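Visitor: from the sequence below, what's the structure:
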Amino acid sequence: MRKLISSIICLIAIVISHSVNAQGLNSFTALTVESGAVVYVDDHMKNNVGGTILNSGEIRISGDFDNSGTDLINGLVVLDGAAGQSVTGVSAFHGVLEVDKSAGAAIVTSGTTNIFGILRLAEGTINANGNLVVASDPTKTGLVDDFSNVAYDGSVTGNLRVQRFIPGAAGFHYVGSAVNNANISELSELGLYGPDGGQIVPAPNCSPQSIDPQSPYGTLFEWHENGPWLIANCDQSGWFVRSSGTMTNARGYAAITSSAGATIEIGGSIGNTSEISTVAFSGLANTNSIGDGWHLVSNPFPSPMQWFSPPAGFDAQASLWQTSGSYTGTYQPVLAHPTNPLALIGSSQGFFVRSSGGPASFALPQNYRRLGDPAFYKADLENTFDIIVEAEGYADKTRIRFGDFGETNGFDNMLDANKMMARGSQPTLMTRLSGVEYAINSLSLEEHPMTVPMDLYPGLSGDFKFKAELLDMFTVEAHVYLEDLKLGSIQELTINPEYTFEADEADDPERFLLHFRLNGEEPIYTGDDVLMYANDHSAYLFLPELDGKANLDVFNAIGELVFQTSNLNEGKNEFDLSSLATGAYIMRAYVNGTPISRKVIL
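Guide: Purely as a prediction, here's the structure:
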C-alpha cells in the first residue's frame, strides 16, 4: 500500500492491489483503484461528502455501501456479502455493478442508484425498491445483464425504473416498456390526456397533418391493424388514444414528445428477464388490405435485442420511425438476416413488423438479448446500394441489395421490406417491381433485373437532390445509372453519385429508373450511343440520330426469334412484350448498320 499525502490540498490517494478493510472515505479523499487491481472491502463502505472513487479496477464489497460523495463510479463494483446489504446515497455506475451473493439480498434502501453501464446479475437478488434506475442520457444507456453467461442466475425484485433517452426532434416516436405490465401513468412526462380507448377520426381528405375537429386526441396512442376504418382506405383511424390502464408487454406505442431530446422513465417489476423465458404480444394477424398485417411492437427487454430472426408468422422486416417534426418522419427498415449481425434495436424501441397471415404471436425468447448500446434508432449495414432523396430539409432513402441467399425478383419475406409512406408534406422514395413497393429490395446477383423502377412521391414542390451511397461496397464490378424519364436524361451514379432536379408535388411518382450493369455486363453509354433495356414485360430502345434504317430482334434463351420490328424512330421506342413468358431474353438492335445486343430479364 502507498499513501501520497499533500498537506496543501488534504488529498489522500490510495492505490491498492490486495485486500483491505475500509470504513469510510473522509471529505476530499480519493480512493484510486488502478486497472488490474482488486480492493476487498470486508465491512461497510462509506464515501462521505467530498470523497471520490476513482475506479479502473475492481472493488468487492461485503457490507453496506453508502455514497454521499462524487456520484460517478467506473470500473467493476461487486456486492458479494453473504448476508443482507444496503445501498444508499446517489451513485452513477458507468461501468458494471455486479450482484454476486451466495446468501442474503441486497436492497437499494434510499437515494438513487443509476446504472449507465451494466447491472450484472451473477448470483443472488437485489431489491430495486423504486430507487434503482437503468439510466439513459444522450451519451449512453444502461442495461440489465443476466443472459450473457449461462452461469448468471441472479434476479431483480421490487420496482425497477427504466429510462430511455429519445434523440431527435419533438413529435411522434415509437416506444414500449422494458418492465412487466407497466402502468400507462408511468409516462407522465408525456402530459397524458384524452379519453382512454378513443379512436382517431380522420379528416374527410385523410390528411396526415390534421384530423376531424371532434376527434379524440392525446399524447399516447396504440395501433390496431384491423381498424375499423372510419374513412375508406384511410389508416389514421387505426390509432387509438391511451391515457390510463396498463401497457402490453412487447407492444409498441406512438408517443408525442414536446421537446427535442426527451427522456421517458417507466417503473415496474423486472419480469421481462429470465424470470419469464419468453415475452409475447399475441393474436397478431393480417386481416385486411389497409392494415396489411402491420403491427406496432417493441423491444420489451431492459437491454438491446438483436433482430437476427423474426418470430414465426412474421416477415423479416422491422420498420422503424425516424421523426423529423411534429407530424413528419420516415420509416426506415432493418432486415433480419444472417449477414446482418449488427441489427441491434435499443431497449424500449417501438417498431412495426408485418404478419404474414396469422394470427401469430410476437414472441421473443431471451436469446434475442444482447450487450451493447445502440441508438434509439439504428439502421443495418449490408453490402447494399442506397439512394437518399433530400428536399427542403427532409430526407428519405431506398435500398437495393444483391446477393446469393435465395433472392428472387418477387417479394421475399425474409429478405425484402415493404415501403411505408412518410407522413406529412415530405418525400417518400421506393423501388417497385411487379406492383410491390420496396424499402429494401433484395435481388439475385446472377439473375438480377437490369432495370428497376424507382418511384418518388415528392410531397412538396421545390429543389431535390439524390445521393447514391455504399457503391464502394459492391464486391463485383458495378455500373449503376439513374434515368429521369421526365427530363429524358441518364446519369451514371458510380461516377457522379449526386443528381439535382426540380420536382412538383403533383409529379407522376413513376419518374425514375435505375439501370444496373454488374459483374462484367456491358455498361450503358450515356452519350449518343444506343440504350436498350426491358422492364415489366416492356422493351425500351433509345436511338441516336439515324443514318438509315434500324430494326430490333428479341431471342429467347434457346435462340428462337420471338419478337421483331423495324418500326423504329430516333429517341425513345417502347414495345409491349407481355405475350412473352417471364425469363431471360436477348435484345439485338441493328442501328446504322451496327448490331448491338443486350441480355434482359422480363
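
Visitor: how many neighbours does the residue nearest to residue 183 when sequence neighbours are not counted have?
Guide: Take residue 183 and drop its neighbours on the chain: the residue closest to it by Cβ to Cβ, 6 or more residues apart in numbering is residue 246, 5.7 Å away. For the C-beta atoms, the positions are set from N, CA and C on the backbone; glycine is no exception. Neighbours of residue 246 under the rule other Cβ atoms under 10 Å: 15.

Visitor: for the one 3 residues further on, same thing?
Guide: As a burial measure, residue 249 scores 23 neighbours (other Cβ under 10 Å).

Visitor: distance-wise, check residue 432 relative to residue 402.
Guide: Remark: distance between residue 432 and residue 402 (Cβ to Cβ, to the nearest Å) = 17 Å.

Visitor: which residues of the stretch 101-250 of the chain fall in strands?
Guide: Along the stretch 101-250 of the chain, the segments classed as strands by DSSP state E, counting those that start in this stretch run 112-115, 118-127, 132-134, 143-145, 155-157, 160-166, 171-175, 220-223, 239-241.

Visitor: so which elements touch the fourth one?
Guide: It stands for strand 143-145. Strand 143-145 sits against strand 118-127, with contacts defined as 3 or more Cβ pairs under 8 Å, 6 or more residues apart in numbering; DSSP states H and E.

Visitor: for the strand it packs on, C-alpha coordinates in CSV please.
Guide: Taking C-alpha atoms only, strand 118-127 is exported to CSV below (Å, rounded to 0.1, in the frame of the first residue of the first chain):
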residue,chain,number,x,y,z
ILE,A,118,-24.4,-2.7,-16.8
LEU,A,119,-26.3,-4.2,-13.9
ARG,A,120,-24.9,-7.7,-13.9
LEU,A,121,-27.0,-10.4,-12.1
ALA,A,122,-24.4,-13.1,-11.5
GLU,A,123,-26.0,-14.7,-8.4
GLY,A,124,-28.5,-13.7,-5.7
THR,A,125,-31.1,-11.0,-5.5
ILE,A,126,-31.2,-7.2,-5.5
ASN,A,127,-34.3,-5.4,-4.5
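
Visitor: neighbour count for residue 432 and residue 402, which is higher?
Guide: residue 402 (23 against 19).

Visitor: now find how far off-centre the helix or strand containing that one is within its chain.
Guide: Per DSSP states H and E: residue 402 is located in strand 394-403. Distance of strand 394-403 from the chain centroid (Cα atoms, centre = their mean, to the nearest Å) equals 14 Å.

Visitor: what comes into contact with that strand?
Guide: With Cβ atoms under 8 Å, 6 or more residues apart in numbering as the test, strand 394-403 has contacts from 324, 328, 330, 332-333, 339, 382-389, 407, 415, 419, 422, 426-431, 438-445, 448, 452, 454, 459-460, 474, 514, 518.

Visitor: immediately after it, which helix or strand?
Guide: With elements assigned by DSSP H and E, the helix or strand that comes after strand 394-403 is strand 417-418.

Visitor: pull up the pairing partners for that following strand, direction included.
Guide: Paired strands of strand 417-418, with direction, are strand 436-444 (antiparallel) (DSSP bridges).

Visitor: who's in contact with the partner strand?
Guide: In contact with strand 436-444 (Cβ under 8 Å, 6+ apart) are residues 317, 319, 331-333, 335, 384, 398-405, 407-412, 415-420, 430-433, 449, 452, 455.

Visitor: again, only this time at 6 Å
Guide: 333, 335, 399-402, 407, 411-412, 415-417, 419, 430-431 (Cβ atoms under 6 Å, 6 or more residues apart in numbering).

Visitor: go on, stretch 365-375?
Guide: Here stretch 365-375 makes contact (Cβ under 6 Å, 6+ apart) with 140-141, 147-148, 274, 278, 301, 303-306, 344, 346.

Visitor: could you turn the buried ones of those residues into a ChimeraX selection?
Guide: To isolate the buried members of those in ChimeraX, using 16 or more other Cβ atoms under 10 Å:
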select :141,147,274,301,303,304,305,306,344,346
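
Visitor: adding pLDDT, write the contacts of stretch 365-375 out as a markdown table.
Guide: Below are the contacts of stretch 365-375 laid out as a markdown table (pLDDT from 0 to 100):
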| residue | pLDDT |
| --- | --- |
| 140 | 92 |
| 141 | 95 |
| 147 | 91 |
| 148 | 91 |
| 274 | 46 |
| 278 | 82 |
| 301 | 93 |
| 303 | 93 |
| 304 | 91 |
| 305 | 90 |
| 306 | 88 |
| 344 | 83 |
| 346 | 89 |
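
Visitor: among the contacts of stretch 365-375, which pair sits farthest apart?
Guide: 140 and 278 (28.1 Å; Cβ to Cβ).

Visitor: reformat the strands of the stretch 101-250 of the chain as TSV; add mean pLDDT, mean neighbour count and distance to residue 358.
Guide: Shown next, in TSV, are these (pLDDT from 0 to 100; neighbours: other Cβ atoms under 10 Å; distance: least, Cβ to Cβ, whole Å):
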stretch	mean pLDDT	mean neighbour count	distance to residue 358
strand 112-115	97	24	37
strand 118-127	95	21	35
strand 132-134	97	26	33
strand 143-145	95	26	31
strand 155-157	92	20	33
strand 160-166	94	24	29
strand 171-175	89	24	21
strand 220-223	96	21	15
strand 239-241	96	21	20
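
Visitor: which of the ones you listed sits closest to residue 538?
Guide: Comparison of those against residue 538 by Cβ to Cβ identifies strand 220-223 as nearest, at 38.3 Å.

Visitor: who does the closest one touch, helix- and strand-wise?
Guide: In terms of contacts (3 or more Cβ pairs under 6 Å, 6 or more residues apart in numbering; DSSP states H and E), strand 220-223 is packed against strand 239-241, strand 253-257.

Visitor: could these go into a markdown table alongside distance to residue 60?
Guide: Below are the helices and strands packed on strand 220-223 laid out as a markdown table (distance: least, Cβ to Cβ, whole Å):
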| stretch | distance to residue 60 |
| --- | --- |
| strand 239-241 | 50 |
| strand 253-257 | 41 |
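
Visitor: quick one: closest of those to residue 578.
Guide: Comparing those by Cβ to Cβ, strand 239-241 comes nearest, at 41.0 Å.

Visitor: low pLDDT regions in the stretch 251-400 of the chain?
Guide: Within the stretch 251-400 of the chain, the segments meeting pLDDT under 70 span 271-277, 323-330, 337-342, 374-383.

Visitor: cool, the stretch 501-602 of the chain as well?
Guide: For the stretch 501-602 of the chain, the stretches flagged by pLDDT under 70 are 520, 522-529.

Visitor: returning to that earlier point: next, find the distance separating the residue nearest to residue 183 from residue 406.
Guide: Look at residue 246 and residue 406: by Cβ to Cβ, they are 42 Å apart.

Visitor: can you check residue 362 too?
Guide: 24 Å.

Visitor: and the two? Which one has more around it.
Guide: Taking other Cβ under 10 Å, residue 362 and residue 406 do not tie; residue 362 has more neighbours (25 against 10).

Visitor: show me what the more buried one bridges to in the sheet.
Guide: Residues in beta-bridge contact with residue 362 (DSSP bridges): residue 281.

Visitor: wait, it sits on residue 297?
Guide: Yes: taking contacts as Cβ atoms under 6 Å, residue 362 lies within contact range of residue 297: 5.0 Å.

Visitor: what residues are shared contacts of these two?
Guide: Taking Cβ under 6 Å, 6+ apart as the contact rule, residue 362 and residue 297 both touch 250, 281.

Visitor: I'd like the distance between the nearest residue to residue 543 once chain neighbours are set aside and residue 309.
Guide: Spatial nearest neighbour of residue 543, excluding adjacent residues (Cβ to Cβ, 6+ apart): residue 570 at 5.3 Å. Per Cβ to Cβ, residue 570 is found 53 Å from residue 309.
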